[in-house]
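J.: I'd like to go over a predicted model; first the sequence, then the structure.
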Amino acid sequence: MRPRDALLLALRDFYANSWRLVALNAALGVVLVASILAALALPVAVVLVAAVGPPAAVIVHCSVTLVQTGDLAFADAWEGLRLHWRRGFVLSVLGCALIGLGAVALRFYGASAIWPLAFLTLYVLVLLGIYGLVLWTLAIAEPDRGLRAAAREAATLVATRPGATLVLGLALLLVNLAGIAAAIMPFLTLTVAYTFLATAHFVLPSLTLEEAD
């Protein structure tokens, strides 16, 4: 599916199910804000940021369910938490570790004589973030498949559709930046759910075609 179609379909589905998705995204926002506040009060508590993994997995599960079935209920959220909380936590830990390393690299290069490498680091982080969206979607859509297999499949999909994947990722990055600029809570309750929903529309049709073969 083309990025434009995925974005439009996600907008349609988000509008039709906004009250469910906003509630789920609000739960994610509460966990994220609480973990950040705890980290600011006690730096060692930064590890709590990984707690966003399970609620994020719930949103991805609901996005996948909506794309695959065209229907969504709050019962799907509980089912997603039951099925994917461990996988969500693992993916969150990996993501937090990557962001942490990226932040250290940005700070180091930005304050050194080789400061142009800071821009390269930021570029790589954006690319890995786009890859991460695909990985989350495939890992939750196929819970019986190991994370390594999901990672390989995500890499294959990105490699075979690099341009389309980059366009989608940059469009979603702009959506999230606009949400952050608007206010904190609209960002937490709107753009994250929309991002996962658009990614599911973009990824899953390709997956279905491969399975059909």
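T.: Good, I have the coordinates.

J.: next one: the host helix or strand of residue 20 to chain centre, how far?
T.: Using DSSP states H and E, the element containing residue 20 is helix 18-41. Its chain's C-alpha centre lies 14 Å from the corresponding centre of helix 18-41 when counted by C-alpha atoms, centre = their mean, to the nearest Å.

J.: same check, this time on stretch 72-89
T.: A distance of 15 Å separates the centroid of the chain from that of stretch 72-89, by C-alpha atoms, centre = their mean.

J.: One more: stretch 161-169?
T.: 15 Å.

J.: could you pull out the helices for the protein?
T.: With DSSP state H as the definition, the chain shows helices at residue ranges 3-16, 18-41, 53-69, 74-110, 116-141, 147-160, 162-182, 184-186, 192-212.

J.: Off-centre distance for the longest one?
T.: It refers to helix 74-110. Relative to the chain's own centre, helix 74-110 is displaced by 9 Å; criterion: C-alpha atoms, centre = their mean.

J.: Which secondary structure element of the protein has the lowest mean pLDDT?
T.: Comparing every helix and strand of the chain by mean pLDDT, DSSP states H and E singles out helix 184-186 as the least confident one, with a mean of 59.

J.: just to revisit the earlier point, extract the CA atoms of the helix holding residue 20 and return them as PDB.
T.: Extracted as PDB, the C-alpha positions of helix 18-41 are listed here (Å, rounded to 0.1, in the frame of the first residue of the first chain):
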ATOM      1  CA  SER A  18     -11.500   7.800  18.100                       C
ATOM      2  CA  TRP A  19     -13.100   7.400  21.500                       C
ATOM      3  CA  ARG A  20     -11.600   4.000  22.000                       C
ATOM      4  CA  LEU A  21      -8.100   4.800  20.600                       C
ATOM      5  CA  VAL A  22      -7.900   8.100  22.500                       C
ATOM      6  CA  ALA A  23      -8.700   6.300  25.700                       C
ATOM      7  CA  LEU A  24      -6.000   3.700  25.100                       C
ATOM      8  CA  ASN A  25      -3.500   6.400  24.100                       C
ATOM      9  CA  ALA A  26      -4.400   8.400  27.200                       C
ATOM     10  CA  ALA A  27      -3.400   5.300  29.300                       C
ATOM     11  CA  LEU A  28      -0.100   5.200  27.500                       C
ATOM     12  CA  GLY A  29       0.300   8.900  28.100                       C
ATOM     13  CA  VAL A  30      -0.300   8.500  31.900                       C
ATOM     14  CA  VAL A  31       2.400   5.800  32.100                       C
ATOM     15  CA  LEU A  32       4.900   7.800  30.100                       C
ATOM     16  CA  VAL A  33       4.300  11.100  32.000                       C
ATOM     17  CA  ALA A  34       4.500   9.300  35.300                       C
ATOM     18  CA  SER A  35       7.800   7.500  34.400                       C
ATOM     19  CA  ILE A  36       9.300  10.800  33.100                       C
ATOM     20  CA  LEU A  37       8.400  12.700  36.300                       C
ATOM     21  CA  ALA A  38       9.800   9.800  38.400                       C
ATOM     22  CA  ALA A  39      13.100  10.000  36.300                       C
ATOM     23  CA  LEU A  40      13.300  13.700  36.800                       C
ATOM     24  CA  ALA A  41      12.900  13.300  40.600                       C
END
